[in-house]
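Engineer: Here you go, sequence then predicted model.
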Amino acid sequence: SGACTAGCCGLTEFVGTAIGHTIGLVIANVDHQIHEKMDIDAKYRSIGIVGGRTGAGPQIFAADEAVKATNSDILKIELPRDTEGGAGHGSLIIFGAEDVSDVRRAVEVCLKDLDRTFGDVYGNAAGHLEFQYTARASYALNKAFGAPIGKSFGITVGAPAAIGVVLADTAVKAATVDVVGYASPANGGTSYSNEVILQFSGDSGAVKQAIIAARDVGMQLLGTLDDGPLNSTTTPYII
Amino acid sequence: SGACTAGCCGLTEFVGTAIGHTIGLVIANVDHQIHEKMDIDAKYRSIGIVGGRTGAGPQIFAADEAVKATNSDILKIELPRDTEGGAGHGSLIIFGAEDVSDVRRAVEVCLKDLDRTFGDVYGNAAGHLEFQYTARASYALNKAFGAPIGKSFGITVGAPAAIGVVLADTAVKAATVDVVGYASPANGGTSYSNEVILQFSGDSGAVKQAIIAARDVGMQLLGTLDDGPLNSTTTPYII
Amino acid sequence: SGACTAGCCGLTEFVGTAIGHTIGLVIANVDHQIHEKMDIDAKYRSIGIVGGRTGAGPQIFAADEAVKATNSDILKIELPRDTEGGAGHGSLIIFGAEDVSDVRRAVEVCLKDLDRTFGDVYGNAAGHLEFQYTARASYALNKAFGAPIGKSFGITVGAPAAIGVVLADTAVKAATVDVVGYASPANGGTSYSNEVILQFSGDSGAVKQAIIAARDVGMQLLGTLDDGPLNSTTTPYII
């Protein structure tokens, strides 16, 4: 078998790796037994797979850009309880298309966008904060969070979950937004992660304003649990 | 925004921090959309929030003292799968009242009591043990564990779960107690944590006797998996 | 109370310890309240308990050998979300018999076999791979995975889950096998672990061939996420 090293592999299934111990893969011609057990329509001969140990929001918002930019559909979004001992989720996202070049392109776009979507993820030894924003939600955000297609959409995430409750309240008080969902550790919206996630849509400016207010409060609250720095994982993109 | 440092923050929502990466917060006037999505009765204008990365039993038994000592109700108790890579849960507890001063007081009492309720939590590199006791169970223990109101109540916890099974059997054989519940990794009583939790009520002396017998066995069994010390997180309180 | 040290304990309930922070225990005469709450038939006066922080497949395949070799039944197999910050499960397995000597023997066989069944578990900082094979499945594999009794049976496991999807497809394309189950993070087959597990039966040679093909691909894919070595936990047994 061909040798593979970090970030590189000669297998045709391999597309690439990215932040969060995320890997991107494709299967050109999914075996019929796997199709059936995965509960995927047989018309999707090819699937693209993006999954990581750390992060669900970043991968889902990146996948949303990927479905907008390519001729592929979102088939599955699953959230394992992970983050390698942290308080949140990992991710498993399945794209589908008739042609492998389409899902390969979707996986490439998704992986490439992760550097941006990890920009408003902030962590210290006690927990993490995450904020995501899009001007126009598409099918990945609709599937994962019930986001109305074509509208501005954002999420606030706080861990431990107690902080996420205050972020949620702060966000909706800061601007006129419509709450689409509220996920807590045991209400079915999370996979028992220690997070509260608020999902909301509205005017572009309002969604951003809600996020920025919540982010400001979150940085202060998470900072009370640990003296360490609370830096962006990459570079903040919500400004 | 005002600067916050570990344990300290000028935000009106902030109450304090405690052991287990636990934070205490209040919202004086919960936004109506959040109220609805949290599925909380609108009469609770103010909520208090206590949540941590490590520990569910300690926070729940402390919350029980808080509802006894204050004019507040227990609205939600959720158990994320957490403990920062350990085998157990974190926690998210919501208090409700009409007046913010009441939930603030509940959160303060709860945080302050955590030093006591972490007293019979013992851990090493292989797992943990937890024992809790109250002379008189109130609404938090009733909501979380089905404890009969006003009666003595205790729990034994062993992780990995195999140890918890033997602790459960040891406890009920050591004294005449009524088993209220038995939570295992996948029976719905835990959030897939690697614990077995026994919940029981009875006469005060019997509940204590059951706990002390289980604690003695638990220390021996958990010690077989790791040579490290197996000390109390703070100071044992069940004597 | 008698002193216990790592691997050794004088309690009659203690049987032994093994890899994966696994402990083996017995209860000679289970208390009737515990019987009832565990939802175990009262005819099983004695239970054997095997549980660990790391590993479910290894313990389940070892338990399968134990039920074949002893006069005991498999009563429960539960999978906590664990692996001490890793991407997978821990385990809680309950054996039952009328006589304590039978369950003690089952626990002993199970613990002793773990050195073998951890042989095709491979991990690095980014995730893990697991492969298991038996020439003849018995009641533990039937209960845990729906394996047809008496037939050759194997599993492939990849974490993060994205890798497990490709392993599954690789396995079924490499040989003629019947897929019995496909477990993903959120489809109910796992406890929200970051794994995809394929379960399949068939001719002995075909099951092995499927596993070996998937293992070869898995080593290459997991190696792209981390430069560290990807060694067997003990010694590979599927050859």
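Structural biologist: On my side now, so go ahead.
Engineer: What count of nearby residues applies to the residue lying closest to A:Ala125 once chain neighbours are set aside?
Structural biologist: Distances taken as Cβ to Cβ, 6 or more residues apart in numbering or on different chains put A:Asp226 closest to A:Ala125, at 4.7 Å, once the chain neighbours are dropped. C-beta here means a position set from N, CA and C on the backbone, and glycine is covered the same way. A:Asp226 sits with 18 neighbouring residues when counted by other Cβ atoms under 10 Å in any protein chain shown.
Engineer: just so I have it, where are all the helices in chain A?
Structural biologist: All helices of chain A, identified by DSSP state H, fall at A:32-38, A:57-69, A:100-117, A:139-145, A:161-174, A:204-223.
Engineer: Which of those helices sits closest to chain B?
Structural biologist: helix A:161-174 (2.9 Å; Cβ to the nearest Cβ).
Engineer: Can I get that closest one in PDB, CA atoms only?
Structural biologist: Coordinates of each C-alpha in helix A:161-174 appear next as PDB, following Å, rounded to 0.1, in the frame of the first residue of the first chain:
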ATOM      1  CA  ALA A 161     -23.600  25.400  28.900                       C
ATOM      2  CA  ALA A 162     -24.400  27.900  31.700                       C
ATOM      3  CA  ILE A 163     -22.500  30.600  29.800                       C
ATOM      4  CA  GLY A 164     -24.400  29.600  26.600                       C
ATOM      5  CA  VAL A 165     -27.700  30.500  28.300                       C
ATOM      6  CA  VAL A 166     -26.600  34.000  29.000                       C
ATOM      7  CA  LEU A 167     -25.200  34.400  25.500                       C
ATOM      8  CA  ALA A 168     -28.600  33.300  24.100                       C
ATOM      9  CA  ASP A 169     -30.400  35.900  26.100                       C
ATOM     10  CA  THR A 170     -27.800  38.600  25.300                       C
ATOM     11  CA  ALA A 171     -28.100  37.900  21.600                       C
ATOM     12  CA  VAL A 172     -31.900  38.300  21.300                       C
ATOM     13  CA  LYS A 173     -31.900  41.400  23.500                       C
ATOM     14  CA  ALA A 174     -29.200  43.100  21.300                       C
END
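Engineer: Counting neighbours, what do you get for the closest residue to A:Ala162 other than its chain neighbours?
Structural biologist: Of all residues not flanking A:Ala162 in the chain, B:Gly51 sits nearest, at 2.9 Å (Cβ to Cβ, 6+ apart). Using other Cβ under 10 Å, B:Gly51 has 31 other residues around it.
Engineer: separation between the most centrally placed residue in chain A and B:Ala18?
Structural biologist: For chain A, the residue nearest the mean C-alpha position is A:Gly57 (2.3 Å; Cα atoms, centre = their mean). In this view, A:Gly57 and B:Ala18 are 28 Å apart by Cβ to Cβ, to the nearest Å.
Engineer: Repeat that for A:Thr5.
Structural biologist: 46 Å.
Engineer: So what does the residue nearest to A:Ala125 have for phi and psi?
Structural biologist: Here is the backbone geometry of A:Asp226 (degrees, to the nearest 10): phi -160, psi 140.
Engineer: which residues touch it?
Structural biologist: By Cβ atoms under 8 Å, 6 or more residues apart in numbering or on different chains, the contact set of A:Asp226 is A:Asn124, A:Ala125, A:Ala126, B:Ala6, B:His21.
Engineer: cool, A:Gly85 as well?
Structural biologist: Counted by Cβ under 8 Å, 6+ apart, A:Gly85 has contacts B:Glu84, B:Gly85, C:Glu84, C:Gly85.
Engineer: What does the last one show for phi and psi?
Structural biologist: By that I understand C:Gly85. Torsion angles at C:Gly85 (phi, psi; degrees, to the nearest 10) stand at phi 90, psi -10.
Engineer: Please apply the same query to the third one.
Structural biologist: Listed backbone geometry of C:Glu84 is phi 60, psi 50, with angles given as degrees, to the nearest 10.
Engineer: hang on, isn't it packed against C:His21?
Structural biologist: Yes. With contact defined as Cβ atoms under 8 Å, C:Glu84 counts as touching C:His21 (7.4 Å).
Engineer: Please name whichever of the contacts of A:Asp226 scores lowest on pLDDT.
Structural biologist: Lowest pLDDT among those: B:Ala6, with 86.
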